[in-house]
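Asks: Give me coordinates for this.
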Amino acid sequence: MSFREKGGMAVPNDNADTGFHAGELAVQRAAGVADEASRLSPMLAPARFSAGFANFLAQRTFVVLAGTDTDDRLWASPLAGPPGFVQVSSPTQVTLHATPAAGDPLHDIRPGRKVAMTAIEFAARRRVRINGTLSHADTGTGTDILRIAADQAYGNCPQYITPRLLTPTDATENPGPRGVIRRDTALSAEDVALIRAADTFFLGTRHAGRGTDVSHRGGPAGFVRVDGQALWWPDYPGNNLFNSLGNLAVDPTAALLFFDFASGATLQLSGTAETLWGAPGPADSEAETGRVVRFTPQHLVAGPLLPARQITPGPERTLP
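Replies: Below is the predicted model of the structure:
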């Protein structure tokens with residue numbers, strides 16, 4: 001059974017709206033991949049976890065959660081734990097035995113809100129995404145449980161995932177120079193340096209009817225540019241679903257999460273984004289698709305909130 005949001009609460013929805021929405025279809029047509037995408041539409045069927053899907057989640061130690069705070073701002077937050085901290089608790093429900101750290105903008109996230117999560121294994125370059133409704137939240141009581149009633153659940157390709165091995169840790173352990181949580185509306189020099197060094201970030205988006213989505217973005221370090229207070233990055237060829245860009249086509253609300261895997265420093269941005277279309281460049285260049293995404297931050301939280309550290313990089317390889 002899937003769920004929909006009504007009056008801020010999760011209620012059963014026996015007639016879930018499925019398939020691509022108008023924004024996704026528009027971007028697929030603009031990119032010239034509508035036929036290829038249509039063959040993948042069964043992936044968007046209402047979620048029902050298989051044994052293999054549940055086994056993959058049970059072995060994960062790192063996920064990214066996207067959702068809205070009490071001011072309806074969209075954020076993306078890191079969560080980590082030992083194997084088993086992500087559990088499939090019913091054929092359509094997943095339980096996280098972790099909550100965003102104190103100081104994280106989603107620390108007090110409440111049930112009834114649309115959320116999304118991506119569970120990723122960097123070392124093996126595997127990831128799955130789950131979109132749905134937060135049906136239960138127990139934070140700050142020592143139990144730390146989030147439960148998601150899933151609407152959609154499917155895997156994504158390994159493209160642009162930089163291999164690395166992570167281990168869960170206390171989010172505030174060895175916080176380094178960014179040990180104090182800072183809430184701001186403008187990027188600092190340290191924020192810009194973290195963005196320019198990143199080879200990985202996560203992008204949260206949303207759709208009024210379909211809910212929230214969060215996806216991985218990766219490339220060579222420096223693939224995200226900073227232009228004044230705005231950010232932009234090339235949109236590389238992907239799986240042709242265009243869940244993120246499709247959401248942005250109808251709702252510019254976006255959230256970005258950057259982190260430093262060595263120090264645990266995090267940068268969470270909430271703002272708006274748009275896709276800019278130009279002429280495709282050479283196939284061996286980052287301008288191959290002719291698409292770039294430009295993001296304007298409105299609010300940010302910077303601090304030591306990554307509950308994991310990189311033990312060692314994975315084997316070197318050329319992306320994707």
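Asks: Pull the number of nearby residues for residue 226.
Replies: Residues lying near residue 226 (other CB atoms under 10 Å) number 14. In this view, the C-beta of every residue, glycine as well, is placed from N, C-alpha and C.
Asks: Leaving out sequence neighbours, find the closest residue to it.
Replies: residue 192 (5.0 Å; CB to CB, 6 or more residues apart in numbering).
Asks: for the stretch 101-250 of the chain, which spans come out with low pLDDT?
Replies: Scanning the stretch 101-250 of the chain for pLDDT under 70 picks out the ranges 140-141, 171-179.
Asks: for it, what spans make up the helices?
Replies: 189-197, 243-250 (DSSP state H, counting those that start in this stretch).
Asks: Just say which of those is most tucked in.
Replies: Counting by mean count of other CB atoms under 10 Å, helix 243-250 has the highest mean neighbour count of the helices of the stretch 101-250 of the chain, with a mean of 24.
Asks: What's the first helix or strand after that one?
Replies: strand 253-259 (DSSP states H and E).
Asks: Tell me the strands beside that next one, with direction?
Replies: Strand 253-259 sits in its sheet next to strand 200-207 (antiparallel), strand 266-277 (antiparallel), going by DSSP bridges.
Asks: First-to-last residue distance for stretch 241-254?
Replies: 18 Å (CA to CA, to the nearest Å).
Asks: Can you pull out the residues in contact with that stretch?
Replies: 20-28, 31, 37, 40, 43, 74, 203-208, 210, 213, 215, 235, 270-275, 291, 293, 295 (CB atoms under 8 Å, 6 or more residues apart in numbering).
Asks: hmm, back to that, tabulate the strands paired with strand 253-259 (TSV), appending mean neighbour count and distance to residue 60.
Replies: Converted to TSV, these look like this (neighbours: other CB atoms under 10 Å; distance: least, CB to CB, whole Å):
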stretch	mean neighbour count	distance to residue 60
strand 200-207	25	15
strand 266-277	21	19
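Asks: okay but residue 116 is in contact with residue 63, surely?
Replies: No - in this structure, residue 116 is not within contact of residue 63 by CB atoms under 8 Å, at 10.3 Å.
Asks: Now do the same for the residue lying closest to residue 144 once chain neighbours are set aside: its pLDDT.
Replies: Leaving out its chain neighbours, the residue that sits closest to residue 144 by CB to CB, 6+ apart is residue 99, at 4.5 Å. If you check residue 99, the pLDDT there is 94.
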